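Student: With the sequence up front, the predicted model follows.
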Amino acid sequence: MAKRANWLARFRKWEASGVLIALVVLCLVLAFMAPAFLSQYNLSVVARQASFVGLVALGQTLVLLIGGIDLSVGAIAGLSAIVGSLMLTQTGINPYLVLPLTAFFGMLLGSINGFFVAVLRLNPFIVTLASWEIFAGMTLLITRGVPIRPLGESFRIFGQGSILGVPVPVVIFLAAGAILTFVLARTRFGRNVYAIGGNKEAAELVGIRTARVEFLVFGLAGLFAALAGILYASRMDSGQPSVGEGWLMGAITAAIIGGTSLKGGQGTIVGTVLGALLMAVLANGIVLMNVSGYWERIIVGAVVLIAILVDLLRRR
């Protein structure tokens with residue numbers, strides 16, 4: 001009994017315990033109300049959709065952990081998807097090189113944010129708001145609003161294929177989540193991220209090179225956003241100028257309801273993964289229940305407010 005009580009106490013203290021319970025309850029309700037929810041095809045759709053926003057949310061979680069925010073991730077995803085699509089259609093590059101090259105390009109874009117925030121000490125909200133407009137404008141300037149297609153049969157495997165029955169984007173999302181979980185828990189970089197988010201001045205006093213960590217964090221946020229963008233382009237067999245629109249809200253929501261604090265220094269990657277799954281299941285449930293799609297944005301906004309309130313109460 002004592003061990004069980006100890007386990008329950010630790011579970012309640014876990015930042016992501018609430019979202020896990022909510023996810024299980026929501027799945028049970030949908031399974032009862034809409035039997036199609038448990039079909040293999042539908043679960044595949046939910047998992048695949050969660051992976052795109054989830055990848056962006058992984059990078060956003062790192063930024064939130066250091067006490068910052070990145071409003072440009074959606075625009076980075078869109079611009080990177082277009083650049084990756086141009087690589088395929090204009091240069092004839094090997095499709096297997098497009099993913100790492102596009103991810104590197106996204107990291108460069110994120111590093112621009114990192115330079116202004118970490119080196120020049122500018123406010124991350126203002127910096128990323130400006131870069132969001134710049135990157136989104138560049139996307140429209142390059143494409144003139146016209147999709148780039150087709151991307152080729154050999155490239156569609158990344159967005160449409162599967163490994164042992166699991167969609168490739170889901171495999172990449174879960175692998176990235178596992179790697180980040182290890183990095184944050186077992187490496188000096190991870191400890192430094194939490195230290196900066198907890199108290200940046202104290203972190204500097206003990207010798208942590210905060211500028212270097214912040215610079216790398218924003219670079220990684222760009223990398224994950226770009227990876228999500230090019231995977232989505234592969235899924236659609238088209239580089240759409242609209243790729244990434246709406247992902248910002250979903251990414252921040254997934255991180256917050258997963259237990260990541262807006263004030264920094266608290267949160268887990270596992271919580272973000274669960275948060276992304278919860279949002280995908282919620283959106284899927286709205287479709288299956290024939291609820292007007294206009295309600296989705298209202299519900300998501302309400303979920304964010306509730307999550308922020310819970311975070312505030314927990315920190316008190």
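Tutor: Ah, there it is.
Student: Quick check on residue 34: phi, psi?
Tutor: Main-chain dihedrals, residue 34, degrees, to the nearest 10: phi -140, psi 90.
Student: for residue 66, same thing?
Tutor: phi -90, psi 10.
Student: Can you tell me how far it is from residue 36?
Tutor: 42 Å (CB to CB, to the nearest Å). Every C-beta, even on glycine, is put in place using the N, C-alpha and C of the backbone.
Student: Compare these two (neighbour count), which wins?
Tutor: residue 66 (26 against 11; other CB atoms under 10 Å).
Student: if I look at that one, how far off is residue 41?
Tutor: 39 Å.
Student: Could you do residue 191 as well?
Tutor: 42 Å.
Student: One more: residue 228?
Tutor: From residue 228 to residue 41 the distance is 22 Å (CB to CB).
Student: Compare the two (neighbour count), which wins?
Tutor: When residue 228 is set against residue 41 and neighbours are counted by other CB under 10 Å, the residue ahead is residue 228, at 35 against 8.
Student: Check whether that one really touches residue 53, as I assumed.
Tutor: Yes: applying CB atoms under 8 Å as the test, residue 228 and residue 53 come out as touching, 7.3 Å apart.
Student: so what's in contact with these two at the same time?
Tutor: Counting by CB atoms under 8 Å, 6 or more residues apart in numbering, the residues touching both residue 228 and residue 53 are residue 247.
Student: list the contacts for residue 115?
Tutor: Taking CB under 8 Å, 6+ apart, one finds residue 215 in contact with residue 115.
Student: helix/strand/coil for it?
Tutor: helix (DSSP: H, G, I helix; E, B strand; the rest coil).
Student: Residue 267 too?
Tutor: Under three-state DSSP, residue 267 comes out as coil.
Student: and it, what pLDDT?
Tutor: Residue 267 carries a pLDDT score of 89 in this model.
Student: what about the closest residue to it other than its chain neighbours, distance to residue 167?
Tutor: With sequence-adjacent residues excluded and distances taken as CB to CB, 6 or more residues apart in numbering, residue 267 is closest to residue 260, at 2.9 Å. Per CB to CB, residue 260 is found 25 Å from residue 167.
Student: if you count what's nearby, which of those two comes out ahead?
Tutor: residue 260 (31 against 22).
Student: isn't that one right next to residue 64, touching?
Tutor: Yes: Residue 260 is within contact range of residue 64, at 4.9 Å (criterion: CB under 8 Å).
Student: intersection of neighbour lists for the two?
Tutor: Common neighbours of residue 260 and residue 64 (CB under 8 Å, 6+ apart) are residue 267.
Student: just so I have it, where are all the strands in the stretch 101-250 of the chain?
Tutor: 162-163, 166-167 (DSSP state E, counting those that start in this stretch).
Student: residue closest to the middle of this protein?
Tutor: residue 57 (1.8 Å; CA atoms, centre = their mean).
Student: Quick one: residues contacting that residue.
Tutor: Counting by CB under 8 Å, 6+ apart, residue 57 has contacts 250, 251, 252, 254, 255, 258, 272, 275, 276.
Student: Based on its surroundings, how many neighbours for the last one?
Tutor: To tie it back to what came earlier, the one meant is residue 276. 31.
Student: Name the SS class of it, please.
Tutor: Assignment for residue 276 (three-state DSSP): helix.
Student: residues touching it, list them.
Tutor: 50, 51, 53, 54, 57, 173, 250, 254, 258 are the contacts of residue 276 under CB under 8 Å, 6+ apart.
Student: tally of neighbours for residue 164?
Tutor: 5.
Student: cool, residue 237 as well?
Tutor: 17.
Student: tell me the most buried of the strands of the stretch 101-250 of the chain?
Tutor: Stretch with highest mean neighbour count among those: strand 166-167 (a mean of 18; mean count of other CB atoms under 10 Å).
Student: and that one, how far out from the chain's middle?
Tutor: 18 Å (CA atoms, centre = their mean, to the nearest Å).
Student: now stretch 165-176
Tutor: With CA atoms, centre = their mean, you get 14 Å for stretch 165-176.
Student: what comes up buried for that stretch?
Tutor: 167, 168, 169, 170, 171, 172, 173, 176 (16 or more other CB atoms under 10 Å).
Student: Could you do stretch 84-100 as well?
Tutor: 84, 85, 87, 88, 89, 95, 98, 99.
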